[in-house]
Each structure stands twice: as structure tokens, then as C-alpha cells.
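# Sequence plus the predicted model coming up.
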Amino acid sequence: MGRVQEPRSGCPINATVEVFGDRWSLLVLRDIVFGDRRYFRELQAGSEEGIASNILADRLRRLVELDLLTREDTRAGQRARYSLTEPAIQLVPVFAQLGSWGLRHRPTSRVLRVRAELLEEGGPALWAEFMDELRHAHLGADLPPRSPSVRERLRAAYLAASVSREGR
């Protein structure tokens, strides 16, 4: 694998933009975090934005190099599974804030905005709970039982919005 380049400067904002400043990296991570898509084909088929296979392959490779994802080693004929690392899990508050900004300042669809609304309403306590669930699913960390889980609540909100859109 290639070596990750040194940032242009020591500025933390620059260092972050260099990782996430392209069109696709945050969206690939979003789909793993919120869509629980962990395989190449799931990520490509489920992409709302229609990511091309060569771009997806490049971003997955790069996110592994940057230690934001791990890629399970596979034998021939097996699909590689991607998992979030702790630094990627810690992006949940960033995703929540980006979604909140988008709710206020950009046109959005009802179906695709419901998760951002739920994260905004739940605030930091919900984000922490969701990060614990992701740590359990991706890193094998212990998780106290909670019902319903944040993932279940996000999925239910999305499905309810999808059904109401179809009923129109």
C-alpha cells in the first residue's frame, strides 16, 4: 500500500481537510456508520450519490491507509469486510453537526433528513450512546444492553419517512 503524505502544514484544520476534503471519503464513512454497509458491493449499491466503483475502491484503500477503517483479510472468493476504527467512530459528533448545519442551510429531502434530525434532537448523549454501539459492532467492545438501540431508532425513523413518502 502507498504511504500517506505528510500534511501541508501543522494546522489541525488543514490536516483534517486533507483527509476529508474530497467528495467521497466522508460519504463512504457515513454509509458504514449509519447504513451498516461493510462490504464493497453494499457500499456501491446503497450509495444515494452513485459512487463509481473505481472511486469507491480508491477511497476504501485510502481510508484503510489513514487508519479510519480496517479491512479483513480474505481468501480467494471471499468478500472483504470493512470495520471502523476508533478515530472513525469519533466522527459521529462531526456527522451530527454537519447534518444539523445542512438541515438549516441546504435543501434536503424528508426521507434523508430524518437521521440528522434525530441526532440533533438527541444531542451529545445520543451521540455517545451511538459511538458505544459502533465500538461494540466494529471493535468488539462490551456494550450494556439498551433497547431500542440508537441504530434501531435511526432505522425506524428512516423507514417511517420512506413509508410516508410512498403514501403520498
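Now that the structure is in, tell me what you want to look at.
# just checking, what packs against the top helix by length along the chain?
As assigned by DSSP state H, the longest helix anywhere in the chain is helix 110-134. Helices and strands touching helix 110-134, by 3 or more Cβ pairs under 8 Å, 6 or more residues apart in numbering; DSSP states H and E, are helix 92-105, helix 150-166. To be clear about C-beta, it is placed using only N, CA and C from the backbone, and glycine gets the same treatment.
# so the closest residue to residue 91 other than its chain neighbours is in which element?
Among residues not flanking residue 91 along the chain, residue 29 sits closest, at 6.4 Å (Cβ to Cβ, 6 or more residues apart in numbering). Residue 29 belongs to helix 25-35 when elements are defined using DSSP states H and E.
# related to what we said a few turns ago, out of the helices and strands packed on helix 110-134, which is closest to residue 116?
For the helices and strands packed on helix 110-134, proximity to residue 116 was assessed by Cβ to Cβ; helix 92-105 is nearest, at 3.0 Å.
# Pull out the buried residues from that closest one.
By neighbour count on 16 or more other Cβ atoms under 10 Å, the buried set for helix 92-105 is 92, 95, 96, 99.
# which residues touch the first one?
Under the criterion of Cβ atoms under 8 Å, 6 or more residues apart in numbering, the contact list for residue 92 reads 33, 127, 130, 131, 134.
# which stretch in the helices and strands packed on helix 110-134 has the least confidence?
Sorting the helices and strands packed on helix 110-134 by mean pLDDT places helix 150-166 lowest, at a mean of 83.
# What about residue 145, how many residues nearby?
Residue 145 is flanked by 5 other residues according to other Cβ atoms under 10 Å.
# any idea how far residue 29 is from residue 76?
Distance, residue 76 to residue 29, by Cβ to Cβ, to the nearest Å: 28 Å.
# quick one: which of those two has more around it?
residue 29 (22 against 4).
# Tell me if I'm right that that one and residue 68 touch.
Yes: using Cβ atoms under 8 Å, residue 29 is in contact with residue 68, at 6.7 Å.
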